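Chemist: task: produce atomic coordinates for the following.
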Amino acid sequence: MMEEALATLNGPQREVVLDFDHTLLVLAGAGSGKTRTVTTKIAYALNVIGLKPWQILAVTFTNKAANEMRSRIEAMLGPGCGAEDVMIRTFHSFGAWLLRVNADKMGLPSSFTIYDDSDSQNLVSSLEKMDASTARKVARSISLFKDRGVTPFDDEVLSCNAAPNFRSLYRRYEERLEAAGCVDFADLVVKSLRLLKEHPDVKEHMHRRFRLVLVDEYQDSNASQFEFLKELVGPDSQLVVVGDDDQSIYRFRGAEVKNMLQFEQAYDNVRTIRLEENYRSTKNIIAASGALIAHNRGRHEKTLFTNNEAGSLPKVINCFNAEDEAMQVVSRISDRLGRSDCAVLYRTNAQSQAFENVLTQRGIKYQVVGGLRFFEREEVKDMLSLFALLLNPYNEVAFRRVVNKPARGVGAATVEKVLSHGGDTFASMEAVLQEGGLSSKAKAGLTSFLTICRKAVEDLASGTVLSAFATKLVVDTGFKAYYEKDDDRARAESKIQNLNTLVSSLDSYGSGTEGLSTFLESVTLDTSVMPGADGRISPDKDVVKLITMHNTKGLEFDSVFVTGLEDDLIPGRRNSDDDEEVEEERRILYVAMTRARKELFLSWSAVRLLWGEKMYQKPTRYFRDIPEGLLDGRPAIPRGFSGSSASSYTSRYAYEPRYSRKPVGEDPVIFHEPPVKKVERKENTNTFRAGDRVNSPDYGPGTIAEVDMRKADRVIIRVAFDNGRKSVFNARFCNLEKI
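Modeler: Residues are numbered from 1 along each chain as shown. Modelled structure (predicted):
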């Protein structure tokens, strides 16, 4: 059984599996079979070494990866092998498990609620009056400081410019979080680290229990996770970390590439094993991407190779503007539909619009990967907040969201009156009702909401099957009727269907309070457990995938089009003078290029509309890192880009000689600005202001970041959507609805 599995591995992969004498740093290059290597090691530990399933901890970065790992182990060893009892979790999921088991030691209720990013932002907003953009910056800064182990009392927070009184906001945020009996995402690791440091008995128990600890995607770990791992792994346990510093692309989330670079100094008895054989891409794709990443100084030396075919050279596509880029890319995709799995990659979400337009015009199906996630949709988030409140009536953020939704006449003044009592919001509502002084409408609304909540808590306590419980709750709260009333029938049907999907997904979680708590933790920690969650990749080769470079980690496609390769996009304007950021952006491009199995296309545009302004662009500096012999063509001013346009362009950007020559092997196509298709536009009569909440049928909810009225003929509004997308609209003709 194990002999067959080992026979499929190359030499370095087998060394990882068979070595149980060292702390292992496994440098796993792109497409080098690291998941197969890690799962084989777990299977070997169970089947040959004799470890018990509960003695093994494998840390992944998504629940999807955890499920895949477990399935592979079972496929190797067969049913009943114990794979279901191996603890395979994300860092945050493991932290949640450890904190629930030891909640009393950390002063937490065992049913504590986990705040997601939007909950944290809402809590910040409730501290004092501020616009949504500031609240988002403050919440994000708090999370990043926690990831680095920085508390509100450390002087380092004084350097934060998210808000003038950031230290005070951070301190009050922590106080309110504790009072509500809740934790945020960062707390799952930070508080678990504190638990191990302050309670030696818990730490010793973990050391005795876990004899093998494996960490996948280690290059994406942050400072707190690094310290947590140091405390968690005992002297008699083997630690195996697997990752690729060349694919560390989440610095903006707090990831520290130095965790890999300094690993050999942080641990004793370290053996470094390199997995350098790539099983995914052609020789030419490997050569070009390898030449690119070799220019980074902060990396472990490694050289990828492959025994795959040579394939074609990565092709450079020179474009006039974003519309021309979209047309050229889609034309090439049209020739490959049904035969090749095609993906269009871009640095920012806003770049997808041009591709969506052309794909729609040509009747080609496409999928925007990583759009608004299922559990972030308004109607789903409403129900999740209600569930959270029923499990923990101290949850202020959940209470604020659902107490007057649908509208019950419970205004802001009544809400603040309830919350001024502090503590249990159910008890506070009762106290406010007894005190009197409410309008008849507010009294009726508060009474109705409290009655619904009390009855729902009773139903949970009696062990009601969760799907039946949720079905009744959707009706009793008025959510079903509220969303059915939407004048847009398609939108109404979509929202009701999402509620049905949410209810159906509760089937596998059984009944009662414990089942609902498990469900809520699952969907908060990882959206992949949700049926119909966005982000799942369509297997249909007729469906073109549109995806940001950041969201491509772990994915691969036959034909990849990496677009928008211009300075000011990659590296971004703010990153162009920071050596660490320039190296990070080079890694982002490297990850994008190594997603390609058979064909790779690299495009850039000489003109691009950025933030409502026409900008003359120049090719990304990263083209210079790739020798000419490794690319089919070089960046050059597109033919047909002549006259005043070319004059304006060259006066702004003097091309280097290597960029000025005619691209090698360029298709005989005359580049020109595409004709503008006339579309009947319905004027939007809304008046928009910075800070307004709006909804887009394409991108979901968001906040207006800026209203630019400098243009005499139009008002430009910039919207930051909750899913991370940033877009620019003409206020007169946008399809945005104020919410």
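Chemist: pLDDT weak spots in the stretch 451-600 of the chain?
Modeler: 490, 526-536, 574-577 (pLDDT under 70).
Chemist: and the strands in it?
Modeler: Secondary structure of the stretch 451-600 of the chain (DSSP state E, counting those that start in this stretch): strands at 544-548, 557-562, 596-605.
Chemist: can I get these in CSV with distance to residue 364 and mean neighbour count?
Modeler: For every residue, glycine as well, the C-beta is placed using N, CA and C. Formatted as CSV, those follow (distance: least, C-beta to C-beta, whole Å; neighbours: other C-beta atoms under 10 Å):
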stretch, distance to residue 364, mean neighbour count
strand 544-548, 6, 23
strand 557-562, 13, 24
strand 596-605, 17, 24
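Chemist: make TSV out of those and add distance to residue 689.
Modeler: Listed next are the strands of the stretch 451-600 of the chain as TSV, based on distance: least, C-beta to C-beta, whole Å:
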stretch	distance to residue 689
strand 544-548	29
strand 557-562	37
strand 596-605	32
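Chemist: so for residue 221, which of the ones you listed sits nearest?
Modeler: strand 544-548 (21.6 Å; C-beta to C-beta).
Chemist: now do the same contact list for the nearest residue in space to residue 254 that is not next to it in sequence.
Modeler: Closest residue to residue 254 apart from its sequence neighbours, by C-beta to C-beta, 6 or more residues apart in numbering: residue 147 at 3.6 Å. Contact analysis of residue 147 by C-beta atoms under 8 Å, 6 or more residues apart in numbering lists 186, 189-190, 222-225, 253-254.
Chemist: with respect to residue 440, which of those is nearest?
Modeler: Distance ranking of those against residue 440, using C-beta to C-beta, places residue 186 first at 44.0 Å.
Chemist: distance check, the closest one against residue 292.
Modeler: Using C-beta to C-beta, to the nearest Å, one gets 33 Å for the distance from residue 186 to residue 292.
Chemist: so which of the strands of the stretch 451-600 of the chain gets nearest residue 313?
Modeler: Between residue 313 and the strands of the stretch 451-600 of the chain, the tightest spacing by C-beta to C-beta is seen for strand 596-605, at 8.6 Å.
Chemist: which residues does the closest one contact?
Modeler: Identification of contacts with strand 596-605 by C-beta under 8 Å, 6+ apart yields 280-282, 285, 288, 311-312, 314-322, 324-325, 328-329, 332, 340, 556-566, 593, 617, 619-620, 623, 631, 635.
Chemist: then stretch 112-119?
Modeler: By C-beta under 8 Å, 6+ apart, the residues outside stretch 112-119 that reach it are 96, 99-100, 103, 123, 139, 143, 177, 180-185, 188, 375-376, 381, 388, 391-392, 395, 397-398, 520-521, 524-525, 722.
Chemist: show the buried residues in the contacts of strand 596-605.
Modeler: 280-282, 285, 288, 311, 314-322, 324-325, 328-329, 332, 340, 556-557, 559-566, 593, 617, 619-620, 623, 631, 635 (16 or more other C-beta atoms under 10 Å).
Chemist: now do the helix or strand that contains residue 121, average pLDDT.
Modeler: Secondary structure from DSSP states H and E places residue 121 in helix 117-127. In this model, helix 117-127 carries a mean pLDDT of 91.
Chemist: list the buried ones in that helix?
Modeler: Buried positions in helix 117-127, judged by neighbour count with 16+ other C-beta under 10 Å: 118-127.
Chemist: and the nearest residue to residue 474 once chain neighbours are set aside, how far from residue 468?
Modeler: Excluding the flanking residues, the one nearest residue 474 by C-beta to C-beta, 6+ apart is residue 480, at 4.8 Å. Residue 480 is 15 Å from residue 468, where distance means C-beta to C-beta.
Chemist: show me which of those two is the more surrounded one.
Modeler: Legend: neighbour count by other C-beta atoms under 10 Å for residue 480 and residue 468, higher for residue 480 (19 against 14).
Chemist: pull the contacting residues for the more buried one.
Modeler: 474, 496, 499.
Chemist: Serialize those residues to a markdown table and add fields for neighbour count.
Modeler: Shown next, in a markdown table, are the contacts of residue 480 (neighbours: other C-beta atoms under 10 Å):
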| residue | neighbour count |
| --- | --- |
| 474 | 23 |
| 496 | 17 |
| 499 | 20 |
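Chemist: so which of those residues would you say is closest to residue 5?
Modeler: Lowest distance from residue 5 to those (C-beta to C-beta) belongs to residue 499, with 44.5 Å.
Chemist: please enumerate the helices of the stretch 151-300 of the chain.
Modeler: Along the stretch 151-300 of the chain, counting by DSSP state H, counting those that start in this stretch, helices occupy 166-179, 185-198, 200-209, 223-232, 258-261, 263-266, 283-293.
Chemist: deepest of those helices, which one?
Modeler: Most buried of the helices of the stretch 151-300 of the chain, by mean neighbour count (mean count of other C-beta atoms under 10 Å): helix 283-293, with a mean of 23.
Chemist: what's it packed up against?
Modeler: Secondary-structure packing of helix 283-293 (3 or more C-beta pairs under 8 Å, 6 or more residues apart in numbering; DSSP states H and E): helix 579-593, strand 596-605.
Chemist: can you point out the buried residues in the first one?
Modeler: Right, the one you point to is helix 579-593. Buried, per 16+ other C-beta under 10 Å, within helix 579-593: 581-593.
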